[in-house]
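1. Attaching a predicted model along with its sequence, questions to come.
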Amino acid sequence: MATLEIRDLHVTVEADNATKEILKGVDLTVKQGETHAIMGPNGSGKSTLAYSLAGHPKYTITGGTVTLDGEDVLEMSVDERARAGLFLAMQYPVEVPGVSVSNFLRTSATAIRGEAPKLRTWVKEVKEAMERLNMDPSFAERNVNEGFSGGEKKRHEILQLELLKPKVAILDETDSGLDVDALRVVSEGVNRVRETGEVGTLLITHYTRILRYIKPDQVHVFSGGRIVESGGAELADKLENEGYEAYTKGGASA
C-alpha cells in the first residue's frame, strides 16, 4: 500500500527581499485509497504545501521529511517525483504552446510507464477517458490549455489523472472557477479514480461544495502554515456553518 508521509515540514519563500516561513511544521499521512481534504482560509499555506510536495523551485524546504513508500521525496527531482507516483493538478494550469494534448499525454504516459503505450490501445484509452469527461475529441489536437476555458483546463487535469494513474494525487483547488455542471463532471472523474482504491487523494479547497460530490475520509483545517484540527467529514459541515474565524483569530493565518 502506497503511503505519503509528511513529518514536521517547514517551508520558506523569498518575498519582498525577505525570507518568509509559510509552512511551520506540517504532519500528515495519506495512504493509498484514502481521501484527505485540506481546508483553510486564503494565505494559510495550502497551495504552498501542494507545490512544495511537487518540487516547485520557488519554495525552500528548511526542515522535516516527506517520503513515498519509504523513499525520500525531497531528494527527488520534479520528474522523479512524478515517476515515483506523485501527481499535481494545479489551481492555475499553464498553457504549453506548440505541444498538442495528444502528444503531451502520450509523452507523459511513456515517462511514467517506462515505455510508450501501444498506439492503437492508447488512442482508444484516451478517447474513452475524454468521453467520460464530456470533452470534445478535437481537444486532443489542440495545444495544451491554449485558449481553454477554466473548466476545460480542469477537465484536462483530471484526464491526466485518469490516464497516468498515480499513487498519490494532489488536487489544488480543482473546484476553483467551475460552474455547477463542470464541477459535477470533474468530481465524477476524481471519484472514478478513487473507486479503484489505488490512489491516495489530497484535496485542497476553500469550500465545501466539492465535498458534496467527493466524500473525504478525513478533513484537516489548515491555518498559520500548519494543520490545526482534523476530523471526519462532519468537520467540513462545521466549517461551512462557522467559517474559519475561530482558527484565524490572533493572526494565526499565514
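-> Structure's in. What do you need?
2. How much space separates residue 198 from residue 32?
-> For residue 198, the distance to residue 32 equals 6 Å [Cβ to Cβ, to the nearest Å]. Where C-beta positions appear, they are placed from N, C-alpha and C, glycine not excepted.
3. Give the residues shared as contacts by the two.
-> residue 167 (Cβ atoms under 8 Å, 6 or more residues apart in numbering).
4. Those two: which has the busier surroundings?
-> Using other Cβ atoms under 10 Å, the more surrounded residue of residue 198 and residue 32 is residue 32, with 18 against 15.
5. hang on, isn't that one packed against residue 199?
-> Yes - between residue 32 and residue 199 there is a contact at 6.8 Å, judged by Cβ atoms under 8 Å.
6. if I look at these two, which residues touch both of them?
-> 167, 168.
7. now the helices for the stretch 101-250 of the chain?
-> Taking DSSP state H, counting those that start in this stretch, the helices of the stretch 101-250 of the chain run over residues 101-113, 119-132, 150-164, 180-194, 234-242, 245-248.
8. Convert the shortest one to PDB, retaining C-alpha atoms only.
-> Spelled out, it's helix 245-248. Coordinates of each C-alpha in helix 245-248 appear next as PDB, following Å, rounded to 0.1, in the frame of the first residue of the first chain:
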ATOM      1  CA  GLU A 245     -12.700  32.700  12.200                       C
ATOM      2  CA  ALA A 246     -12.100  30.500  15.200                       C
ATOM      3  CA  TYR A 247      -8.800  29.300  13.700                       C
ATOM      4  CA  THR A 248      -7.500  32.700  12.500                       C
END
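9. count of neighbours near residue 89?
-> 23.
10. what's across from it in the sheet?
-> Following DSSP bridges, residue 89 is listed with bridge partners residue 171.
11. list the contacts for it?
-> 154, 157, 158, 160, 161, 169, 170, 171, 172, 174.
12. mind redoing it with 10 Å?
-> Residue 89 makes contacts with 50, 153-154, 156-158, 160-161, 169-174, 186, 190, 203-204, as judged by Cβ atoms under 10 Å, 6 or more residues apart in numbering.
13. on that earlier part again, can you tell me which of the helices of the stretch 101-250 of the chain comes nearest to residue 213?
-> helix 180-194 (3.4 Å; Cβ to Cβ).
14. I'd like the average pLDDT over that closest one.
-> Model confidence over helix 180-194, given as mean pLDDT, is 94.
15. Which stretches in the stretch 1-150 of the chain count as strands?
-> Counting by DSSP state E, counting those that start in this stretch, the stretch 1-150 of the chain has strands at residues 3-15, 18-31, 35-39, 59-68, 71-72, 86-89, 96-100, 143-144.
16. which stretch among these comes nearest residue 242?
-> Taking Cβ to Cβ, strand 35-39 is the member of the strands of the stretch 1-150 of the chain nearest to residue 242, at 12.0 Å.
17. who does the closest one pair up with?
-> strand 200-205 (parallel), strand 218-223 (parallel).
18. deepest of those strands, which one?
-> Each of these was scored by mean neighbour count; the highest is strand 200-205, a mean of 25, by mean count of other Cβ atoms under 10 Å.
19. Run the angle between that strand and helix 234-242 for me.
-> Interaxial angle of strand 200-205 relative to helix 234-242 (axes from the mean of the first three to the mean of the last three Cα atoms, to 10 degrees): 0 degrees.
20. where are the low-confidence patches of the stretch 101-250 of the chain?
-> Flagging of the stretch 101-250 of the chain using pLDDT under 70 yields the residue ranges 250.
21. Tell me if I'm right that residue 246 and residue 41 touch.
-> No - using Cβ atoms under 10 Å, residue 246 is not in contact with residue 41; the gap is 11.2 Å.
22. Between these two, which is the more surrounded one?
-> Neighbours per residue, other Cβ under 10 Å: of residue 246 and residue 41, the larger number sits with residue 41, 19 against 14.
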